[in-house]
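Chemist: Give me the fold of what follows.
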Amino acid sequence: MTARRAFRRVVVAAAVIPAALLVGHTPAQAVELPPACQAALTEAQNKFPVQQFTVPDKVKTAILDELAALNETDQKALTETACAAWNRWATANGAAVARDLDTRYQNTDGLACTKFTTAAMGALKKYAPTIPAETRGLETVAKKVWSNAMQTLSTEATNATCRQSYNSVKAGW
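Modeler: Numbers count the residues shown, from 1 in each chain. Take a look at the predicted model:
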């Protein structure tokens, strides 16, 4: 696994976006990651075992594009301390987050884009305040990635419902 792929996974995970986003992406430029960040990646899917919640392919692509565009300053948020704090939090809360995402997703009517934004934003708003202070640098980067990706999606969406759905959540949590 390359460091860029690992970097992408940690930042997304730091935003409480589940493991559905964290697998199967092409590797790129190498960046060395602290051991706790590597552990966050290898264990993420097990920590957020969603069953119903899905991330539309266009959302995955937009988020990964934003992650690939992060500057060096943003990449420095991936510290051993931040990732270790994230790992502890994800271990303790991942199953509850996954259940919440699944429930919100199932209880939302409409297109996949609406189901995704409703479930993700609801879970982000609910759980972000409980994430340890040591992860705030990761959260700042995750919010930047989220906002930029949702802006892109709201601009490029061909379906009016999806355009509105992405636009309504671009400010983040």
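Chemist: can you give me the helices for the chain?
Modeler: Using DSSP state H, the helices of the chain run over 3-14, 35-47, 57-68, 72-75, 80-106, 112-127, 136-156, 160-169.
Chemist: Report all helices and strands that the second one contacts.
Modeler: Secondary-structure packing of helix 35-47 (3 or more Cβ pairs under 8 Å, 6 or more residues apart in numbering; DSSP states H and E): helix 3-14, helix 80-106. C-beta here means a position set from N, CA and C on the backbone, and glycine is covered the same way.
Chemist: before we move on, the earlier item: pick the most deeply packed of the helices of the chain.
Modeler: Stretch with highest mean neighbour count among those: helix 3-14 (a mean of 25; mean count of other Cβ atoms under 10 Å).
Chemist: List the contacts of the residue nearest to Gly94 when sequence neighbours are not counted.
Modeler: Take Gly94 and drop its neighbours on the chain: the residue closest to it by Cβ to Cβ, 6 or more residues apart in numbering is Lys47, 3.5 Å away. By Cβ atoms under 8 Å, 6 or more residues apart in numbering, the residues touching Lys47 are Ala19, Ala90, Thr91, Gly94, Ala95.
Chemist: quick revisit: can you redo the helices of the chain as a markdown table with mean pLDDT?
Modeler: Below are the helices of the chain laid out as a markdown table (pLDDT from 0 to 100):
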| stretch | mean pLDDT |
| --- | --- |
| helix 3-14 | 44 |
| helix 35-47 | 84 |
| helix 57-68 | 90 |
| helix 72-75 | 88 |
| helix 80-106 | 96 |
| helix 112-127 | 96 |
| helix 136-156 | 94 |
| helix 160-169 | 97 |
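Chemist: related to what we said a few turns ago, among the contacts of Lys47, find me the one that's closest to Thr158.
Modeler: Thr158 has its nearest neighbour among the contacts of Lys47 in Ala19, at 28.2 Å by Cβ to Cβ.
Chemist: Return the distance of Ile131 relative to Ala95.
Modeler: Counting by Cβ to Cβ, to the nearest Å, the separation of Ile131 from Ala95 is 16 Å.
Chemist: what's the answer for Leu33, then?
Modeler: Applying Cβ to Cβ to Leu33 and Ala95 gives a distance of 25 Å.
Chemist: With Leu70 instead?
Modeler: Distance of Leu70 to Ala95, computed by Cβ to Cβ: 29 Å.
Chemist: list the contacts for the residue lying closest to Gln151 once chain neighbours are set aside?
Modeler: Spatial nearest neighbour of Gln151, chain neighbours left out: Lys170 (5.1 Å); criterion: Cβ to Cβ, 6+ apart. By Cβ under 8 Å, 6+ apart, the contact set of Lys170 is Trp146, Ser147, Met150, Gln151, Ser154.
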